[in-house]
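> got a structure for you, letters missing:
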């Protein structure tokens, strides 16, 4: 994921100091405590990278006998706290200089989609060969991942479905056995993961594994940096034009610590939900990406669950010939409103003139009211419901 995070080559503490010296951020003692622990992980990984490679014996060189596992690195950190506290920024500062050749930063939801796809593919391959099903397919998949990546940095660690919940324990147990280092950020404490989920009792061992293998740190404090930036932005831009497009791009970058974002695919009820531009906590799309396609409440709910702020570009004026788009727009706004998603947009007209005529235009007035309320300081202060 592209980022403007500076790299000093010395680790997260030096990177944090560089941003502070540039006037990009203010001193925050809570953040500094967390970044000190990230620096300790950085230093341990540096020491491992500088150590001479372990010599293999004659039999090992021939692929026989005992082949030693890669040296076990530090297990890592689980950093949690409310949105806007700087978790993703601190992850950026660490990842920029992490002295590991095979490293990856990925949104946790995306990672689990990949794991599920690998599991499905492996089972199909075994079936095609006429081989019996494996008693534990998760272990070989975890070992594949460990061979590809030695450092995994997860954005927005959360568990929302039973398919993921049932495999996480075995997956991460193997990853840790293979010496993988994990850094994760989350809005939830480990004990709150998958709360009220189906068969949660089978998920509890994974929570214990996280608490045993990862140092759990809360990034608390009363300062919501994202909210401070949000209050400085124009939330409803009209009329449309190059200036509005530029403002939306600036808003996205301001809310994502300078990231330009990248496409993401979410999955809900067996359907793919495309997000054209995404960064941790922030999504951006064109009106036609979501409201001109057959999307429903479940799709918008999936978006609302994954992002605290959504930016939608070029909302047009709608009329009788675009009732289907207006209905989807209403569903989208209703869903975001209920989930307290912060909404930024550019539009061809003010809210009251977006859909003045057509079937459902009277009911559209509720959407007008919500669009106006979503710009208010009172709404902005509401906690996102994930």
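Nice, thanks for sending it over. Only a predicted model underlies this, so the values are computations on that prediction, with no experimental measurement involved. Residues are numbered from 1 along each chain as shown.
> where are the low-confidence patches of the protein?
Where the chain drops to pLDDT under 70, the residues are 1-8, 53-73, 84, 221-228.
> longest strand in it, please.
In the chain, with assignment by DSSP state E, the single longest strand is strand 271-279.
> parallel or antiparallel, list what pairs with it.
Sheet partners assigned to strand 271-279 using DSSP bridges are listed as strand 262-268 (antiparallel), strand 282-286 (antiparallel).
> report how many residues lie close to residue 37.
Neighbours of residue 37 under the rule other Cβ atoms under 10 Å: 18. No exception for glycine: its C-beta is placed from N, CA and C like everyone else's.
> I figured it was touching residue 216, is that so?
No: here residue 37 does not reach residue 216: they are 10.6 Å apart, not a contact under Cβ atoms under 8 Å.
> find residues that contact each of those two.
Counting by Cβ atoms under 8 Å, 6 or more residues apart in numbering, the common neighbours of residue 37 and residue 216 are residue 77.
> still on that earlier bit, tell me the buried residues in the longest strand of the chain?
By 16 or more other Cβ atoms under 10 Å, the buried positions in strand 271-279 come out as 273, 275, 277-279.
> need these in JSON lines (columns: distance to residue 253).
Formatted as JSON lines, the buried residues of strand 271-279 follow (distance: Cβ to Cβ, whole Å):
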{"residue": "273", "distance to residue 253": "23"}
{"residue": "275", "distance to residue 253": "16"}
{"residue": "277", "distance to residue 253": "11"}
{"residue": "278", "distance to residue 253": "13"}
{"residue": "279", "distance to residue 253": "9"}
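> from those, pick the one nearest residue 153.
Set against residue 153, the nearest of the buried residues of strand 271-279 by Cβ to Cβ is residue 279 (14.0 Å).
> give me every residue that touches the residue nearest to that closest one when sequence neighbours are not counted.
What sits nearest to residue 279 in space, not counting adjacent residues and going by Cβ to Cβ, 6 or more residues apart in numbering, is residue 256, at 3.4 Å. Going by Cβ under 8 Å, 6+ apart, residue 256 touches 88, 279-282.
> for those residues, which one is nearest residue 206?
Closest to residue 206, out of all of the contacts of residue 256 and judged by Cβ to Cβ, is residue 280, at 22.3 Å.
> list the contacts for that closest one?
Listed by Cβ under 8 Å, 6+ apart, the contact partners of residue 280 are 87-88, 107, 155-156, 185, 256.
> could you do residue 157 as well?
78, 108, 184-186, 188, 193.
> strands - which of the contacts of residue 280 land there?
Among these, the members found in strands (DSSP E) are 107, 155, 185.
> surely the second one and residue 107 touch.
Spelled out, it's residue 155. Yes: with contacts counted by Cβ under 8 Å, residue 155 reaches residue 107, the gap being 4.8 Å.
> residue 265 and residue 353, how far apart?
Residue 265 sits 34 Å away from residue 353 when distances are taken as Cβ to Cβ, to the nearest Å.
> for residue 27, same thing?
In terms of Cβ to Cβ, residue 27 sits 46 Å off from residue 353.
> more neighbours, the two?
In terms of neighbours (other Cβ under 10 Å), residue 353 is the more surrounded of residue 27 and residue 353; the figures are 12 against 9.
> wait, the more buried one sits on residue 317?
Yes: in this structure, residue 353 is within contact of residue 317 by Cβ under 8 Å, at 6.7 Å.
> look at residue 269 and say how many residues are nearby.
Other residues near residue 269 come to 11 when the count uses other Cβ under 10 Å.
> so the nearest residue to it once chain neighbours are set aside, which of the three states?
Distances taken as Cβ to Cβ, 6+ apart place residue 298 nearest to residue 269, at 5.4 Å, with adjacent residues excluded. Secondary structure, DSSP: H, G, I helix; E, B strand; the rest coil: residue 298 is helix.
> cool, and the one 5 residues further on?
Remark: residue 303 carries the secondary structure label helix [criterion: three-state DSSP].
> cool, the one 10 residues further on as well?
Following three-state DSSP, residue 313 is assigned to strand.
> run through the bridge partners of it.
Beta-bridge partners of residue 313, counted by DSSP bridges, are residue 286.
> tally of neighbours for it?
Neighbourhood size, residue 313 [other Cβ under 10 Å]: 23.
> so it makes contact with residue 247?
No: when contacts are counted by Cβ under 8 Å, residue 313 is not listed as touching residue 247 (10.1 Å).
> anything in contact with each of those two?
residue 346.
> what sits closest to residue 123 if chain neighbours are left out?
The spatial neighbour of residue 123 that comes closest, neighbours along the chain excluded (Cβ to Cβ, 6+ apart), is residue 137 at 6.3 Å.
> OK, contacts around that neighbour?
119, 122-123.
> ok, it to residue 14 distance?
43 Å.
> repeat for residue 239
For residue 239, the distance to residue 14 (Cβ to Cβ) stands at 45 Å.
> neighbour count winner among these two?
Neighbours were counted for residue 239 and for residue 14 using other Cβ under 10 Å; residue 14 has more, 17 against 11.
> how about that one, secondary structure?
Applying three-state DSSP: residue 14 is helix.
> what of residue 153?
Residue 153 - assigned by three-state DSSP - is strand.
> nearest residue to it other than its sequence neighbours?
Excluding the flanking residues, the one nearest residue 153 by Cβ to Cβ, 6+ apart is residue 105, at 4.1 Å.
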